[in-house]
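A.B. asks: just need the structure, nothing else, for what follows:
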Amino acid sequence: MDTQRFLELLSTAAPSGAEQGMAALLSRLLPEYEVKSDALGSVLVTVKAEGERHLLLEAHMDQVGFVVTQVMPEGFVRLAPVGGIDPRLMPGTRLRFLDGDGTGVVCAVPPHLKQGEKDKVQPVTDCLVDVGPAAAKRIPVGGRAVYAGKPVRFADGTITSPALDNRAGMAVLLETIDRLRKDSGPYAVSALFAVREEVGNAGGAVTGSAALSPDLCVAVDVSFGMQPGVQAHKCGKMGGGPMIGFAPALDTQLCRALVNTAQQEGLPFQREIMAGDTSTDADGILSVGCGVRTALLSVPIRNMHGPLETVCVQDIDSTAALLAAAVRKGALE
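C.D. replies: Purely as a prediction, here's the structure:
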């Protein structure tokens, strides 16, 4: 994996509805390809223009975040969540404000002063963020914020950082594009980096895929990594390779083709079983136009939607290796 490129992805803030900075970064990272943005801000990339069938590779580029609802002259800010924010993780968390270029800390009442309410969880909308009086003058109501924090790499090859959902999926697509430079297989290939997935409407994925009109799609996102306290059958093993989705909403033939490719190439993989929809952009893409046959690959991460998500770099590499192999071999039929 291109580590420097991955760090650039992680350091570029792109909360849902404010992904312009990420779109600019992608244009810079893909100078040899035709790159354009649609009306909503999703980034569309032509990887290969001609081929037997049109294959779309998709990952959303937005992250969970916050919108400013009130600014107090004393130096405190109130927020509302943008996407699935866990209020249990808020107290003491550092936030980065994109409008006004400030940093704040979510106020945490000392346990000595909680008066028997130590276990009470405060809604995000009730939290106060301490930014200081000077910064408060620069932060507008309606401004955006994201979790602050620099990526940290551990000795075992894992990285912890905000926004791994879905920078891990973006990294997979960029690595896949790199691997297809010499041999792109029989398909016409486009890549879509979609906006607004975290607000639940797959808006960027739907409009972007409608503009591209693919025959087939493989969406790449993240899913739950195994850790103590969670149900094992709902999670993937960190370091165990990509989770290949199987669900009524997905195309079973494409999913089986990914399994066959992994087995033929000797690549690690896991199966992820879902009983209905996938809660990813795949759900929106498959109904575009007259229908798009869609598969889903997920990278397992821990601490999803928290200030410090965790991913195994090896899983990003193996997911890209599987996806590139399936494209080169023309296996997605």
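A.B. asks: so residue 297 makes contact with residue 319?
C.D. replies: Yes: between residue 297 and residue 319 there is a contact at 5.6 Å, judged by CB atoms under 8 Å. C-betas here are computed from N, CA, C, even on glycine.
A.B. asks: report the set of residues contacting both of those two.
C.D. replies: 172, 220, 242 (CB atoms under 8 Å, 6 or more residues apart in numbering).
A.B. asks: got the contact list for residue 313?
C.D. replies: Applying CB under 8 Å, 6+ apart, the residues near residue 313 are 1, 153, 157, 158, 159.
A.B. asks: what is the nearest of the residues you listed to residue 177?
C.D. replies: Proximity of the contacts of residue 313 to residue 177 was ranked by CB to CB; the top entry is residue 1 with 12.9 Å.
A.B. asks: you'd agree the closest one is up against residue 174?
C.D. replies: No: judged on CB under 8 Å, residue 1 makes no contact with residue 174 at a distance of 9.1 Å.
A.B. asks: quick one: which of those two has more around it?
C.D. replies: residue 174 (24 against 16; other CB atoms under 10 Å).
A.B. asks: what about the more buried one, which SS state?
C.D. replies: helix (DSSP: H, G, I helix; E, B strand; the rest coil).
A.B. asks: pLDDT score for it?
C.D. replies: pLDDT, residue 174: 98.
A.B. asks: heads up, I number from 29, so please use that
C.D. replies: In the new numbering, first residue 29, that becomes residue 202.
A.B. asks: secondary structure element for the spatially most central residue of the chain?
C.D. replies: By CA atoms, centre = their mean, the chain has its centre lying nearest to residue 194, at 1.3 Å. Element membership for residue 194 (DSSP states H and E) is helix 192-207.
A.B. asks: just for this structure, where's the confidence low?
C.D. replies: 137-147 (pLDDT under 70).
A.B. asks: coming back round to it: can I assume the residue nearest to the centre of the chain is in contact with residue 224?
C.D. replies: No: if you go by CB under 8 Å, residue 194 and residue 224 don't touch, sitting 11.9 Å apart.
A.B. asks: how about the contacts made by the closest residue to the residue nearest to the centre of the chain other than its chain neighbours?
C.D. replies: Nearest residue to residue 194, sequence neighbours excluded (CB to CB, 6 or more residues apart in numbering): residue 88, at 5.1 Å. By CB under 8 Å, 6+ apart, the residues touching residue 88 are 194, 197, 221, 222, 223, 224, 225, 226, 232, 233, 249, 309.
A.B. asks: how near is residue 88 to residue 335?
C.D. replies: 19 Å (CB to CB, to the nearest Å).
A.B. asks: also residue 307?
C.D. replies: Residue 307 is 21 Å from residue 335, by CB to CB.
A.B. asks: looking at the two, which is more packed in?
C.D. replies: Neighbour tally, residue 307 and residue 335, criterion other CB under 10 Å: the higher count belongs to residue 335, 22 against 16.
A.B. asks: out of everything not next to it in sequence, what's closest to that one?
C.D. replies: residue 175 is the one closest to residue 335 (CB to CB, 6+ apart), at 4.1 Å.
A.B. asks: give the contact list for that neighbour.
C.D. replies: 93, 121, 122, 123, 124, 190, 191, 334, 335, 336.
A.B. asks: who does it bridge with?
C.D. replies: residue 123 (DSSP bridges).
A.B. asks: ok, now which ones touch the residue nearest to the centre of the chain?
C.D. replies: Per CB under 8 Å, 6+ apart, neighbours of residue 194: 87, 88, 89, 90, 91, 225, 248, 249, 250.
A.B. asks: swap in residue 195?
C.D. replies: Counted by CB under 8 Å, 6+ apart, residue 195 has contacts 34, 37, 38, 91, 189.
A.B. asks: ok, now residue 310?
C.D. replies: 86, 245, 247, 249, 273, 277, 278, 322, 323, 324.
A.B. asks: please tell me how far the closest residue to it other than its chain neighbours sits from residue 98.
C.D. replies: The spatial neighbour of residue 310 that comes closest, neighbours along the chain excluded (CB to CB, 6+ apart), is residue 247 at 4.2 Å. Using CB to CB, residue 247 is found at 37 Å from residue 98.
A.B. asks: which one of the two has more residues nearby?
C.D. replies: residue 247 (31 against 12).
A.B. asks: what residues are up against that one?
C.D. replies: 86, 87, 233, 308, 309, 310, 313, 322, 323, 324, 325 are the contacts of residue 247 under CB under 8 Å, 6+ apart.
A.B. asks: which residues in the stretch 129-278 of the chain form strands?
C.D. replies: With strands called from DSSP state E, counting those that start in this stretch, the stretch 129-278 of the chain shows them at 130-134, 156-158, 172-175, 180-181, 186-189, 216-222, 244-252, 271-274.
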